[in-house]
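1. sequence isn't available, so here's the structure alone:
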């Protein structure tokens, strides 16, 4: 059977070059980067070289990058770290502003922080998934610590205007955090130009290894660490550094090319145009300010899971807009936030491509999909 | 997704039997709610067998839902076809799941509605049969004229 992977928003294939760069750090240069001997220093030097590559990519200083185990940890470290620092230092600030379309790791961290005494504002978004800057400005109070807004949305692909939000945060003197896991290397991201104070990054969405991420923290910003231990990463993230993973992360950043993004944009648009040719379909998210690898479509009157399940019989791997296929039966909070009814949410499919996606694969998808939709619609009592 | 489902479920999902509707169905069972994801409509045609028992002569489905919902719909039509109404009523959710070589536990509730749909279709048939009888009776009984004549307005109708 064919194997066509169109679920790159979930994770990506490791690049062979990344793998090649990582291997020596498993069985040759395997020392602990904190060790003072020459082998330790070899690992340390690889670690710092990697930090430099990632810092440069987003316009940061080297020491402003803190390596973590991934995006989830970096988001938790940012929000919990800020909240607890403010509490420990009696600043009287306890307010966090975020949106209704964040990744679960931000939303669930916020929900937990509410139990710890945080006040959280969840901003609504418009039908394309954009935050309203005026509404954001109004939500800021003198107790606000941070505004956290996802850069490229993992479900609907909408890219927020970070620069506009950053300006407001600077003006109101509150911190600005963004979760850039999906957007990193795919669209413009610069901590200076976009006034970013904290940025979450990860490796496995960009053909790097799983289990590695980073948090950019602007110089001078204080946070309380989640882990206590040997004081690694400027005492902000204790635990022996995952040197092989970090080397792989940096390699993935280094080889990410604009050309690949342009190619993906062309393929993405081909998928969108092709699918919208099927009657009664709707694109979710913004048409233009959109991640170059994301397509999210509601098919109406048929369930996304059955479309995905059918595609799978042809070897095509996609993802549903609802979580019906996974462990929970709740519909997507992102699709709900942009105003979709549960029945529309349930009819949604996410297709996410990568630099490895070929035109033949997309042609194959566009050949199979209309027939599947027609068959399932014939089966459906809902008209 | 296929990892969650048995081979049998995938086979019934991709090649469902008895899909469609029966225009002059004797009973229709509608279950589910699009909000939670699954809607199943089951149509039955009832005839008497040589022993005079009422049997499900034909059965068809229309389903909006996931792979499990479609597979269970296809399976119930195969389990019920040819059975007497009494036998058909006894088909349970577990019977359907067992015939599909198991369903993921999360799908047992939401997507395994087909046995309920069948019960509703049989209930619908019984109800229609009863009201048909009542109409027939009304046509036979005409005390005013003491004649066998059809009557449109019946005073003694609401006898529950």
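-> Thanks, I have the structure now. These numbers come from a predicted model, not from an experiment.
2. give the burial count for the closest residue to residue B:66 other than its chain neighbours, as a bare number.
-> Nearest in space to residue B:66, with sequence neighbours left out and distances taken as C-beta to C-beta, 6 or more residues apart in numbering or on different chains, is residue A:305 at 4.0 Å. All C-beta spots, glycine's among them, are computed from the backbone N, C-alpha and C. Residue A:305: 28 surrounding residues under other C-beta atoms under 10 Å in any protein chain shown.
3. show the pLDDT at residue A:305.
-> pLDDT, residue A:305: 89.
4. report the secondary structure state of it.
-> The three-state assignment at residue A:305 reads helix, by DSSP: H, G, I helix; E, B strand; the rest coil.
5. quick check: it touching residue B:70?
-> No. Residue A:305 is beyond contact range of residue B:70, at 10.0 Å (criterion: C-beta atoms under 8 Å).
6. would the lengthiest helix in chain B count as contacting chain A?
-> Assignment by DSSP state H gives helix B:114-140 as the longest helix of chain B. No. Helix B:114-140 stays clear of chain A (C-beta under 8 Å from any C-beta of the partner chain), getting no nearer than 10.7 Å.
7. packing partners for that helix?
-> strand B:27-33, strand B:38-48, strand B:54-64, helix B:67-80, helix B:85-89, helix B:93-99 (3 or more C-beta pairs under 8 Å, 6 or more residues apart in numbering or on different chains; DSSP states H and E).
8. go through these and pick out the most buried.
-> Most buried of these by mean neighbour count (mean count of other C-beta atoms under 10 Å in any protein chain shown) is helix B:67-80; its value is a mean of 27.
9. count the neighbours of residue B:102 for me.
-> Residues lying near residue B:102 (other C-beta under 10 Å) number 14.
10. against chain A, how distant is it?
-> Using C-beta to the nearest C-beta, to the nearest Å, we find residue B:102 at a distance of 16 Å from chain A.
11. you'd agree that residue is up against residue B:7?
-> No. At 10.5 Å, residue B:102 does not count as touching residue B:7 under the criterion of C-beta under 8 Å.
12. now tabulate the helices and strands packed on helix B:114-140 in CSV and tack on mean pLDDT and distance to residue B:120.
-> Below are the helices and strands packed on helix B:114-140 laid out as CSV (pLDDT from 0 to 100; distance: least, C-beta to C-beta, whole Å):
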stretch, mean pLDDT, distance to residue B:120
strand B:27-33, 91, 3
strand B:38-48, 94, 7
strand B:54-64, 96, 12
helix B:67-80, 94, 12
helix B:85-89, 95, 11
helix B:93-99, 93, 14
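13. export these to TSV and tack on distance to chain A?
-> Formatted as TSV, the helices and strands packed on helix B:114-140 follow (distance: least, C-beta to the nearest C-beta, whole Å):
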stretch	distance to chain A
strand B:27-33	8
strand B:38-48	4
strand B:54-64	4
helix B:67-80	4
helix B:85-89	21
helix B:93-99	17
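14. can I get these in a markdown table including distance to residue A:311?
-> Listed next are those as a markdown table, based on distance: least, C-beta to C-beta, whole Å:
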| stretch | distance to residue A:311 |
| --- | --- |
| strand B:27-33 | 24 |
| strand B:38-48 | 20 |
| strand B:54-64 | 18 |
| helix B:67-80 | 11 |
| helix B:85-89 | 35 |
| helix B:93-99 | 25 |
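15. can you get me a residue count around the nearest residue in space to residue A:180 that is not next to it in sequence?
-> Spatial nearest neighbour of residue A:180, chain neighbours left out: residue A:151 (4.3 Å); criterion: C-beta to C-beta, 6+ apart. Residue A:151 has 26 neighbouring residues, counting by other C-beta under 10 Å.
16. with residue A:167 instead?
-> By other C-beta under 10 Å, the residues close to residue A:167 number 16.
17. which residues sit in contact with the nearest residue to residue A:69 once chain neighbours are set aside?
-> Distance criterion C-beta to C-beta, 6+ apart; nearest residue to residue A:69, sequence neighbours excluded, is residue A:211 at 5.7 Å. Counting by C-beta atoms under 8 Å, 6 or more residues apart in numbering or on different chains, residue A:211 makes contact with A:69, A:70, A:204, A:242, A:245.
18. now the third one: how far from residue B:89?
-> Translated: residue A:204. Applying C-beta to C-beta, to the nearest Å, the value for residue A:204 to residue B:89 is 52 Å.
19. repeat for residue A:58
-> If you measure residue A:58 against residue B:89 using C-beta to C-beta, the figure is 66 Å.
20. try residue A:112
-> For residue A:112 relative to residue B:89 (C-beta to C-beta), the value is 49 Å.
21. same deal with residue B:6?
-> From residue B:6 to residue B:89 the distance is 26 Å (C-beta to C-beta).
22. could you report the neighbour count for the closest residue to residue A:140 other than its chain neighbours?
-> Using C-beta to C-beta, 6+ apart and skipping the chain neighbours, the partner closest in space to residue A:140 is residue A:172 (4.6 Å). When neighbours are counted by other C-beta under 10 Å, residue A:172 registers 16.
23. point out where chain A drops to low pLDDT.
-> A:321-329 (pLDDT under 70).
24. let's go with 90 and repeat that
-> Filtered on pLDDT under 90, chain A yields the residue ranges A:1, A:300-301, A:305, A:320-331, A:341-346, A:381-383.
25. and the helices in it?
-> Using DSSP H, the helices of chain A run over A:16-22, A:24-27, A:38-57, A:71-88, A:104-115, A:133-139, A:162-171, A:243-255, A:258-276, A:304-313, A:333-337, A:342-345, A:359-379.
26. figure out which of these is closest to residue A:95.
-> Of all the helices of chain A, helix A:133-139 sits nearest to residue A:95, with 8.7 Å by C-beta to C-beta.
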